[in-house]
Structure formats: C-alpha cells, structure tokens
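> Sequence plus the predicted model coming up.
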Amino acid sequence: MNKKLNSRYDITKTFSYNKRSWPFERIYDKNEKIKSLLWNYGIETDFFWYKTNLPIWVAAWPLYNERYMKWAAKDWFEVITWKTFRSVHRKAHTSDWKHLWHNILFIPTDQITDKMIWTKLTGSLDYKWKKEDISITNSFGMPSDTIPEWINSIVNIEKFAKENNKQVITSVVWTPKENWTIEDLALDYAFLARTAEFTWSKIIELNFSCPNVNWWEWAIFKDIENSLIIAKNTRRFLHSSDTKLLIKMWYAPEYYYRDFMSQLSNYIDWIVAINTIPMQLVDKDDKQALPWWLVSWTCWKAILNLSLDAVSSLRKAKTSLWEQAKHIKIIWCGWVMDPESFIMHIDAWADFVMCATAALFNPDLPLDIAKFINKNKIKRVII
Ligand SMILES: Cc1cc2nc3c(=O)[nH]c(=O)nc-3n(C[C@H](O)[C@H](O)[C@H](O)COP(=O)(O)O)c2cc1C
C-alpha cells in the first residue's frame, strides 16, 4: 500500500480513530508560497465580499474537529466547510464484525464509469494509482458531536479564521425522530442554523442531500415543497439578514433545478452541488464491504461527468430565471483532483470550486493548481 496516500487519513482505521489520532504527519504552511505563485496571476472572484484569486475550497466532510480545520487553512484552502453537524450526538457507523471495520475504501478508478450508479464494485485497502486518480467510497453515517462540543469548536475556528483571513461554512442537517412532521424537521434545521449563527457562523449550509443515512433522511432536496418550508423557516429564525444560507444538493435535471430555485430564491443565497454517488460495495469475497448496508457513497472520477452536468443544468436554470435567481451563485464539487479538473470546473462556469476527497488524499492540490496557473500565466476574473 502506498503509505503516503494515508498521511491525512488512515483508511485501515475507523473514523473515530482518525478523528482522535490525527495528524499522522507534520503539516507545513503553504500560504506564503502559494501567494507568491499567484502574485501576478490567478482566478479572481469574491465570496460574499471576501476576495480571492484561487477559488478552490473544502466541502463538508473531512473537517470534523479544530485540528482538521486548521490543517486545511495551512494547505491554503481559504474557505473551509465543517463536517455536517446535528442537533443530537451520533456515532459514526461501526462494524457488526461481519464487515470490514473501517469507514473508507479505495475503489479502482479505471473500472468505473458514470453509468454505474447503484451497481456493484469491489473495494480495497490497497491503492496503486497516482494520487490524482484516487477514488474512494465511504460509510460514515454523518456522525456528529453534541451541540455544546460543536458550538465551542465553531467559536474557536471563527476566531482563528478572522485572525488568519479565512472563511468558514457551517453545515447542518436534521435528525429525524419517529412521527415527525415536516414542521418538526424544519424546526430542527432552523434551530441548528440559529445556534450556529449565535456562535458567530456567518455562512450556513443546509445539507439537503446527506448520504449514508436512511433513505427518507437523505433526499430532502427531492421534495421542493418541503425544501421550501425548511428554507423559509430557517430564514425566519435567523437573527441577521446578513447571515448567508447555502443549500447542498445532489444531481438533478435542469427543469428540477429551475423549479427548486424559483421556489426557494427568496430565502437562499447560493447552491452547493453535488454530493456523492451510491454504489454497492463488496470485498474480494463478494461480501458487503463497509458497515451499515451494502450501499456506500462514492467519490470517483466518473462523478466528474455528473457534476459537470449538474453545474451546467444549474447554470441554465439560473439564466432562465434571470432577475429572480441572479443572486444565486453555484459552488461546484465533485472530483477535483488536479489542476486540469479544477480548470475544467471553472470553464464550465462554476462560481467556485470545492473538493472533499482531495482535501484528505491530495492536500497539495492548491499548491499544484497555483503552480499550474503560474506556469500557464492564467489570469481571469469570475463575475
Ligand atoms: C467520507 C465523506 C463524508 C462526507 N460527509 C459529508 C457531510 O457530512 N456533509 C455533506 O454535505 N457532504 C459530505 N460529503 C460529500 C462531499 O462534501 C462532496 O459533496 C463529495 O464528496 C464530492 O466531492 P469530491 O469528489 O471532491 O469528494 C462527504 C463525502 C465523503 C467522501
């Protein structure tokens, strides 16, 4: 196994072990080096008035404690999203001992196509490809600390971000209880968002597409009426009209995005798309490979085509709504692993680009992109 690939996350161990034990290496601060590479070049844009010339940021997932947030800042990532928080404590999936006891597996990038959603694939702990070609699948179950734990962390990291000129997004999701109505779940989202705002979060992401949980839990975005109730309630609960609301979505066709945006545009600021893709993961003996159930959520090279499609559909939907959706920007995530895929995202008119897999398995990505921009003398402005 290539040890270097595991320096930010040891896939042979559990989520909890990684959360507790990281870092496994010394992390150097790359900010000055990247700044000097971008002195004359870069891709200028602004994130709620925060100016940047390298819009590659971290999406929700790997950043489950303060140490993880700080290393992302050292790797340059200027906008960093917390792993999604809940209103209750939830443990990461653990094994029932019938399956491998860790939470992530590598999958063979070269055997995957974007026609393979829900189909079967063999996962493994070994990886023999280049770091830019890495594909993973995970079954975490969206674990969360308790509210007192995470509000404390938010306060500390918001302070750290202010001192270090970084920005932070707080991601939240509901946790269903028996017999809950849509009003109850909307209240859970609103309560979480207000709690985050109370602890200094200025940018809050409502996760409407959470994988690795029960089916009724993950697909909130698929019901526009419910999504509207949640967004409306959350907006009403927030104290400041300056607090920004983002929505994390999954893949959908253009007509659906158009309906979604037209209904929710008064209550939301931006959209983040897309989340991971479901596949059936087995081990070499054809048995379920990861804890919880056969299906796990996959980030792989082929997600690139789906996310390209999603961004282009979002863009068309936004254009067709013109004034009504003018303020909605699109943050794109889905297989950004090297400078070429980053530029491809920018060329597809994403306003910003985020990564999750690369933040753990290819953390030199911002440095590699900065070198690429410098070498090719790229100078652009995203309006
Ligand atoms: C292990 C893992 C955990 C994730 N957890 C979350 C999460 O808690 N909340 C969320 O909104 N997205 C989560 N995601 C999805 C990512 O934010 C992102 O949408 C997806 O991985 C695609 O980006 P990538 O190809 O750069 O990994 C998770 C992804 C992975 C791989």
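Sure, I can see it. What you see is a predicted model; the values in this text were computed from it and never measured.
> so what's the residue sitting nearest the centre point of the chain up against?
When CA atoms, centre = their mean is applied to the chain, the residue found nearest the centroid is residue 59 (2.8 Å). Residues counted as contacts of residue 59 (CB atoms under 8 Å, 6 or more residues apart in numbering) are 81, 272, 333, 354, 355, 356, 359. Every residue, glycine included, has its C-beta placed from N, CA and C.
> so where do the helices sit in the stretch 251-383 of the chain?
Assigned helices in the stretch 251-383 of the chain, in chain order: 254-264, 303-321, 339-347, 357-361, 365-375 (criterion: DSSP state H, counting those that start in this stretch).
> Mean neighbour count, those: which tops it?
A comparison of these by mean neighbour count, using mean count of other CB atoms under 10 Å, puts helix 357-361 on top with a mean of 27.
> The ligand contacts on the stretch 101-250 of the chain?
Proximity of the stretch 101-250 of the chain to the ligand (CB under 6 Å from any ligand atom) is limited to residues 138, 140, 142, 171, 207, 248.
> Let me know the pLDDT of the residue nearest to the centre of the chain.
With respect to pLDDT, residue 59 has a value of 92.
> what do you get for residue 290?
Taking residue 290 on its own, its pLDDT is 80.
> just checking, it touches residue 140?
No: contact criterion CB atoms under 8 Å: residue 290 and residue 140 do not qualify, at 9.5 Å.
> Quick check: bridge partners of the residue in the stretch 101-250 of the chain that the ligand sits nearest to?
Here the stretch 101-250 of the chain gets closest to the ligand at one residue, residue 138, 3.5 Å apart by CB to the nearest ligand atom. Judged by DSSP bridges, the bridge partners of residue 138 are residue 104, residue 297.
> what's the burial count for it?
Here the count is done by other CB atoms under 10 Å, and residue 138 has 26 residues near it.
> what's the following helix or strand after the helix or strand of the chain with the lowest mean pLDDT?
In the chain, the helix or strand scored least confidently by mean pLDDT, DSSP states H and E is helix 215-218, which has a mean of 59. Proceeding N to C from helix 215-218, the next assigned helix or strand is helix 224-237, under DSSP states H and E.
> and that following helix, how far from the chain's centre?
21 Å (CA atoms, centre = their mean, to the nearest Å).
> ok, now stretch 345-353?
Mean-position distance between stretch 345-353 and its chain equals 15 Å (CA atoms, centre = their mean).
> who touches residue 365 in this structure?
For residue 365, the contacting residues are 56, 75, 336, 337, 338, 342, 355, 358, 359, by CB under 8 Å, 6+ apart.
> ok, the last one touching residue 72?
To tie it back to what came earlier, the one meant is residue 359. Yes: between residue 359 and residue 72 there is a contact at 6.1 Å, judged by CB under 8 Å.
> So for those two, which residues contact both of them?
58, 62, 63.
> now the second one, nearest residue through space, not along the chain?
Residue nearest to residue 62 in three dimensions, not counting chain neighbours: residue 360, with 4.7 Å by CB to CB, 6 or more residues apart in numbering.
> What pLDDT does the model give the nearest residue in space to residue 264 that is not next to it in sequence?
Leaving aside its sequence neighbours, residue 264 sits nearest to residue 231 (CB to CB, 6+ apart; 5.0 Å). pLDDT for residue 231: 96.
> Up against the ligand, what does the stretch 251-383 of the chain have?
275, 276, 299, 303, 333, 334, 335, 336, 355, 356, 357, 358.
> right, is stretch 40-56 up against the ligand?
No: judged by CB under 6 Å from any ligand atom, stretch 40-56 and the ligand are separated, with a smallest distance of 10.3 Å.
> Stretch 17-25 too?
No: applying CB under 6 Å from any ligand atom, one finds stretch 17-25 out of contact with the ligand, separated by at least 10.5 Å.
> is it fair to say residue 80 lies in a helix?
No: judged by DSSP: H, G, I helix; E, B strand; the rest coil, residue 80 forms no part of a helix; its state is strand.
> The residue nearest to the centre of the chain and residue 357, how far apart?
9 Å (CB to CB, to the nearest Å).
> hey, where'd the strands end up in the stretch 101-250 of the chain?
Assigned by DSSP state E, counting those that start in this stretch, the stretch 101-250 of the chain shows strands spanning 104-106, 120-122, 136-138, 167-172, 203-207, 244-249.
> residues in contact with the closest residue to residue 257 other than its chain neighbours?
Counting by CB to CB, 6+ apart, residue 257 lies nearest to residue 317, which is 3.9 Å off, once chain neighbours are set aside. Shown in contact with residue 317 (CB under 8 Å, 6+ apart): 254, 255, 257, 258, 260, 261, 325.
> Reformat those as JSON lines; add pLDDT.
Shown next, in JSON lines, are the contacts of residue 317 (pLDDT from 0 to 100):
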{"residue": "254", "pLDDT": "95"}
{"residue": "255", "pLDDT": "96"}
{"residue": "257", "pLDDT": "95"}
{"residue": "258", "pLDDT": "96"}
{"residue": "260", "pLDDT": "96"}
{"residue": "261", "pLDDT": "96"}
{"residue": "325", "pLDDT": "93"}
